[in-house]
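Chemist: Build me a model:
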Amino acid sequence: MTSPIDNNEQRPAILDSLPYYDNDLEQYPILKEKVEKELAREPKPPPHSIHPLLPPRFELFKDNPVLAAELARIEANQSLSSIDTVRYQLPGPASTPGTDEEWQAALRNAHAQLEHLRIRHTNLALLQTYGANAWRINNYRLEETAKQAEKALEELKEQTTQLNRDRKNAQASTRYGAQLTALETKWTELLSSILQIEMANVALDAEVKHLHRKEAELSTGM
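Modeler: All right, here's what the predicted structure looks like:
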């Protein structure tokens with residue numbers, strides 16, 4: 001059984017920036033230039049890479065190569081290939097008057113074309129009977145799917161806006177911003193105190209050396 005401590009240790013750390021609090025880049029343009037130069041020196045991420053915290057890309061039609069190829073064709077802006085009309089033709093024998101094998105092949109082709117036309121007639125009859133209702137039902141389902149997608153998009157936008165609002169409040173005008181400002185002020189004061197102590201030490205060191213020299217001069221005079 002895994003303890004809560006182990007779960008916390010295994011959980012990846014999320015590092016959040018402070019865009020609503022750190023405004024040094026806007027106040028000091030020279031810092032922004034330095035940051036851009038450093039970013040230009042960094043190796044570029046591979047193309048089509050995503051943030052490590054985001055889920056992996058979802059591959060459409062992974063189990064259907066025909067639909068995957070059609071999607072790739074549409075993404076490449078390639079035109080749809082024309083319909084092959086050779087199989088709808090009824091060519092006769094190539095030679096005159098033709099051999100028995102050629103006439104048998106032509107007869108089989110004619111039977112296949114007749115069967116194809118019969119199936120087309122059946123499909124057209126079914127479409128005329130049930131096609132209108134099936135089309136309406138499909139349109140209704142598509143409309144419901146579109147409404148659900150739009151609703152999910154609006155909810156995601158609202159969550160994003162609320163998250164940014166919470167981050168701004170937490171960083172700029174509430175506890176974290178005030179705490180960071182207090183720590184920065186304290187750091188500045190401590191740094192100033194250290195510099196004053198160092199300057200006092202230098203002055204005391206100079207005074208001690210002066211007293212040593214004066215003591216040496218007095219000892220020499222006696």
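Chemist: in the protein, what secondary structure element scores lowest on mean pLDDT?
Modeler: When the helices and strands of the chain are scored by mean pLDDT, DSSP states H and E, helix 4-10 comes last with a mean of 47.
Chemist: Compute the distance between the nearest residue to residue 167 once chain neighbours are set aside and residue 26, please.
Modeler: Spatial nearest neighbour of residue 167, excluding adjacent residues (Cβ to Cβ, 6 or more residues apart in numbering): residue 20 at 6.3 Å. Just so you know, the C-beta spots here come from the backbone N, C-alpha and C atoms, and that holds for glycine as well. For residue 20, the distance to residue 26 equals 12 Å [Cβ to Cβ, to the nearest Å].
Chemist: Look at the two and report which has more neighbours.
Modeler: A direct count of neighbours by other Cβ atoms under 10 Å for residue 20 and residue 26 places residue 20 higher, at 17 against 9.
Chemist: which secondary structure elements does the helix or strand hosting residue 25 contact?
Modeler: Element membership for residue 25, per DSSP states H and E: helix 24-27. Contact analysis of helix 24-27 by 3 or more Cβ pairs under 8 Å, 6 or more residues apart in numbering; DSSP states H and E lists helix 29-41 as its packing neighbours.
Chemist: doesn't residue 69 make contact with residue 60?
Modeler: No. Counting by Cβ atoms under 8 Å, residue 60 stays clear of residue 69, with 11.6 Å between them.
Chemist: which residues touch residue 18?
Modeler: If you count contacts by Cβ atoms under 8 Å, 6 or more residues apart in numbering, residue 18 has them with 171, 180.
Chemist: do the one 3 residues further on as well
Modeler: Remark: with contacts taken as Cβ under 8 Å, 6+ apart, residue 21 is in contact with 171-172, 176-177, 180.
Chemist: Could I have the buried ones of those as PyMOL selection syntax?
Modeler: To isolate the buried ones among those in PyMOL, judged by 16 or more other Cβ atoms under 10 Å, type:
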select buried, resi 171+172+176+177
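Chemist: The contacts of residue 21 in strands, which ones?
Modeler: Judged by DSSP state E, strands contain none of the contacts of residue 21.
Chemist: What is the most widely separated pair among the contacts of residue 21?
Modeler: Largest separation among the contacts of residue 21 by Cβ to Cβ: 172 and 180, giving 9.9 Å.
Chemist: Residue 24: what's it in contact with?
Modeler: Residues near residue 24 by Cβ under 8 Å, 6+ apart: residue 31.
Chemist: same deal with residue 90?
Modeler: Counted by Cβ under 8 Å, 6+ apart, residue 90 has contacts 106, 109-110, 113.
Chemist: Pull the distance from the helix or strand containing residue 200 to the chain's centre.
Modeler: Here residue 200, judged by DSSP H and E, is contained in helix 175-221. Its chain's C-alpha centre and that of helix 175-221 lie 52 Å apart, by Cα atoms, centre = their mean, to the nearest Å.
Chemist: Near residue 39, how many other residues are there?
Modeler: Neighbours of residue 39 (other Cβ under 10 Å): 9.
Chemist: Does residue 21 belong to a helix, a strand or coil?
Modeler: Look at residue 21: counting by DSSP: H, G, I helix; E, B strand; the rest coil, its state is coil.
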